[in-house]
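Chemist: Have a look at this prediction, sequence included:
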Amino acid sequence: MAQCASGFRGSTRSHRLMTGRARILLAGIDGQGHLGDEAAVEALVTGLRQRLPDLRLTVVAADEERVRTWLEVPTVSCTEWAALAAAIDGADCVVLSGGRELSDSDGFAPEQMLEDGVRGLAHTVGMAVLAVTQQRPLVLASAAIGRLQTPQARTAVGTLAHHAVHIVAADESSRSRLVELGVDAAHVEVGTDPVLALRPGTAARVDEILEAMGLACHASGLVAVVLSSSPAEGAYQPMLAAALTDLVRKTSATVVLVPFQTEVPAQVVEHLRGRLPANRVHALVAGLRPRDIAALLGRCELVVALPRHGAVLAAVGGAPALWLSSSTDAAQATGDLGLAGLAFVPDAPTDLSERLTWAWERRTELRRSLGPATAELASRATRSLDRLASTLAGLPALPESLSLAPLLAPALHGLIKRARVVGFAHQRLCREAEARAAAQHRDLVGQIEDRDRLVRGLQAELHAKVGERDRVIRDLQLELSTKVEERDRVIRELQASLAKKESGS
């Protein structure tokens, strides 16, 4: 990585350093509607803009109109690689950041890296591949490295990190994993989550959100529940429903359901809503700005978070959070917050319902003790942003004349178009094969039905013949019985006559 970094800094293609007018492509959103990704991007945009006011930022986004409105920056679609390649080619540096771990828990197929609409690790690695291919400096900001189960994923992340000119690991665990992948430990800075540098929204905005949900601006006793659609986190939902029901029954708490992703299924929200009294539960509409979510969570007296960034945004807002996680790295992932994962507080009960009640009873104390920890982490996040801005200001800028976008974007678009044609042909062949298999199946089913019908006919015919045979046998038996009785009667009469004659003689 050191060689790569020096290669960019010593490039003979440019003799000027980046200035405040540098062109930065900020990537971290891959279309999954993850609020943590959006919060990290918002924190970085805000922080870099404060430090480098003339910085020309472009943000990779899923909902481009929403991000443009929020951050007032140009955007490029995260789902179209031709547009992404053009944006990378037009940038002086590519910064990768996000709210989720880089892991292959949801699968990783290297051949899908440049497919339109790809998500997760494949999308992140694809961005890095294009940046390195186009000789653009690559920066990893707050890189959270999760468990990488496959050799392909480990190779991909290791290669990605090796080519980065600046790396800030989200925590010590991420740094250790990068070192295990062959990255020089001296080139990995351990920072903290950039979301902790985010400023919450205004009180007036929170009042608007509460009123839209049918709650009074001065509503008290609010308990926010941050929901996710992750299967692993879904395991907590039955226990959480029971614990919330118990809390509402014993206290004056009112539950506010907060979807953390735009794709949280409606049944997840309705399942919890249906378990609670109608006047004690309210649901927030998905898609709010991260800083407004932080401000809303801060207005609540306690937060229960399934995703980690639900607890982080609660801390940004100043509210104690109970983070429900089965991760063995959970305590470290929350840094020094402690309270962002009350599951790890030694004197907290282990039963979820009891733990929730325990946190509710101590909510004022927990909020007070949260302040110093949050302030320290926010300070660390601010220092990381300072170093990131300094790094970006010191990187070499690329001459405008080297822009390959007019060639690369159409070429990549053509490549993807040809891949789509092949994909469509493959899908057509699959559909034809499925249609043939279905026709063969129908023919086979028809043959089986014909056979069964013939068998049933033969069985009915055999049953009828057996019945006729049995009737004939019964008639013959009856006729034989009658004749035997007639014979026996004649014999008895003859015997009587013979006996009479013998007695007369």
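Modeler: Yep, it's here.

Chemist: what stretches of the stretch 101-250 of the chain score poorly on pLDDT?
Modeler: Applying pLDDT under 70 to the stretch 101-250 of the chain flags the ranges 229-236.

Chemist: again, 90 this time
Modeler: The model of the stretch 101-250 of the chain has pLDDT under 90 over residues 101-136, 141-175, 182-187, 189-195, 213-220, 226-246, 248-250.

Chemist: hmm, who's touching the helix or strand in which Arg175 is found?
Modeler: Arg175 is part of helix 172-180 when elements are defined by DSSP states H and E. Applying C-beta atoms under 8 Å, 6 or more residues apart in numbering, the external contacts of helix 172-180 come out as 143-145, 148, 157-158, 161, 167, 169, 185, 188, 190, 329, 332-333. C-betas here are computed from N, CA, C, even on glycine.

Chemist: In strands, which of the residues you listed fall?
Modeler: If you go by DSSP state E, these have 143, 167, 169, 188, 190 in strands.

Chemist: Just the closest of these to Ala266, please.
Modeler: Among the ones in strands among the contacts of helix 172-180, Ala143 lies closest to Ala266 (C-beta to C-beta), at 33.5 Å.

Chemist: quick revisit: same list, the ones in strands among the contacts of helix 172-180, but as CSV with neighbour count and distance to Ala109 please.
Modeler: Shown next, in CSV, are the ones in strands among the contacts of helix 172-180 (neighbours: other C-beta atoms under 10 Å; distance: C-beta to C-beta, whole Å):
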residue, neighbour count, distance to Ala109
Ala143, 27, 21
Ile167, 27, 25
Ala169, 25, 26
Val188, 22, 27
Val190, 17, 31
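
Chemist: And these, which is closest to Ala359?
Modeler: Val190 (29.3 Å).

Chemist: Hmm, the closest one is touching Ala169, no?
Modeler: Yes: with contact defined as C-beta atoms under 8 Å, Val190 counts as touching Ala169 (5.2 Å).

Chemist: And the strands in this protein, which stretches?
Modeler: Ranges of strands in the chain, per DSSP E, are 23-27, 56-61, 75-77, 93-96, 138-143, 164-169, 188-190, 222-227, 254-259, 281-283, 302-305, 321-323.

Chemist: Which one of those strands lies nearest to Glu270?
Modeler: That would be, of these and by C-beta to C-beta, strand 281-283, which comes in at 8.6 Å.

Chemist: who does that closest one pair up with?
Modeler: If you go by DSSP bridges, strand 281-283 pairs up with strand 254-259 (parallel).

Chemist: Run the angle between the strand it pairs with and strand 222-227 for me.
Modeler: Here strand 254-259 runs at an angle of 30 degrees relative to strand 222-227 (axes from the mean of the first three to the mean of the last three C-alpha atoms, to 10 degrees).

Chemist: Let's see strand 254-259 as CSV, backbone CA atoms only.
Modeler: Output of strand 254-259 as CSV, limited to C-alpha atoms (Å, rounded to 0.1, in the frame of the first residue of the first chain):
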residue,chain,number,x,y,z
THR,A,254,-45.3,5.2,24.3
VAL,A,255,-43.5,3.2,21.6
VAL,A,256,-42.3,4.9,18.4
LEU,A,257,-41.3,2.4,15.6
VAL,A,258,-38.5,3.7,13.4
PRO,A,259,-37.7,1.8,10.2
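
Chemist: what is the rounded mean pLDDT of it?
Modeler: Strand 254-259 shows a mean pLDDT of 90.

Chemist: Determine the set of other helices and strands touching the top helix by length along the chain.
Modeler: Looking across the chain with DSSP state H, the single longest helix is helix 405-504. Applying 3 or more C-beta pairs under 8 Å, 6 or more residues apart in numbering; DSSP states H and E, we find helix 405-504 packed against helix 81-89.

Chemist: Report the angle between the helix it packs on and helix 405-504.
Modeler: With the same axes, to 10 degrees as the basis, helix 81-89 and helix 405-504 are set at 150 degrees to each other.

Chemist: Check which helices and strands helix 81-89 sits against.
Modeler: Helices and strands touching helix 81-89, as assessed by 3+ C-beta pairs under 8 Å, 6+ apart, comprise strand 56-61, strand 75-77, helix 120-133, helix 405-504.

Chemist: Okay, buried residues for it please.
Modeler: Within helix 81-89, the residues that count as buried by 16 or more other C-beta atoms under 10 Å are 81-89.

Chemist: Same list (the residues you listed) but as CSV, adding distance to Arg280 and pLDDT.
Modeler: Formatted as CSV, these follow (distance: C-beta to C-beta, whole Å; pLDDT from 0 to 100):
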residue, distance to Arg280, pLDDT
Trp81, 47, 85
Ala82, 50, 83
Ala83, 47, 87
Leu84, 46, 89
Ala85, 51, 87
Ala86, 51, 86
Ala87, 47, 89
Ile88, 50, 89
Asp89, 54, 85
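
Chemist: export the residues you listed to CSV and tack on distance to Arg367?
Modeler: Converted to CSV, these look like this (distance: C-beta to C-beta, whole Å):
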residue, distance to Arg367
Trp81, 46
Ala82, 49
Ala83, 45
Leu84, 43
Ala85, 47
Ala86, 48
Ala87, 42
Ile88, 44
Asp89, 48
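
Chemist: Please identify which of those is nearest to Lys250.
Modeler: Leu84 (52.0 Å).

Chemist: coming back round to it: looking at the ones in strands among the contacts of helix 172-180, which is nearest Gln447?
Modeler: Closest approach between these and Gln447, by C-beta to C-beta: Ala143, at 60.9 Å.

Chemist: Could you pull up the residues touching the closest one?
Modeler: Here Ala143 is in contact with 96-97, 102, 161, 167-170, 174, 178 (C-beta under 8 Å, 6+ apart).

Chemist: ok, 10 Å please
Modeler: By C-beta atoms under 10 Å, 6 or more residues apart in numbering, the contact set of Ala143 is 96-98, 101-102, 124, 157, 160-161, 164, 167-171, 174-175, 177-178, 188, 191.

Chemist: Would you mind naming the residues that bridge with it?
Modeler: Ala169.

Chemist: Quickly note the distance from it to Ala128.
Modeler: Using C-beta to C-beta, to the nearest Å, Ala143 is found at 11 Å from Ala128.

Chemist: Mutual contacts of these two, please.
Modeler: Taking C-beta under 10 Å, 6+ apart as the contact rule, Ala143 and Ala128 both touch 96, 157, 160-161, 164.

Chemist: Just the buried ones out of those residues, please.
Modeler: Those of the shared contacts of Ala143 and Ala128 that meet the buried threshold are 96, 157, 160-161, 164, by 16+ other C-beta under 10 Å.

Chemist: For those residues, give me a markdown table that also has distance to Glu111.
Modeler: Shown next, in a markdown table, are these (distance: C-beta to C-beta, whole Å):
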| residue | distance to Glu111 |
| --- | --- |
| Leu96 | 21 |
| Val157 | 17 |
| Leu160 | 17 |
| Ala161 | 21 |
| Ala164 | 23 |
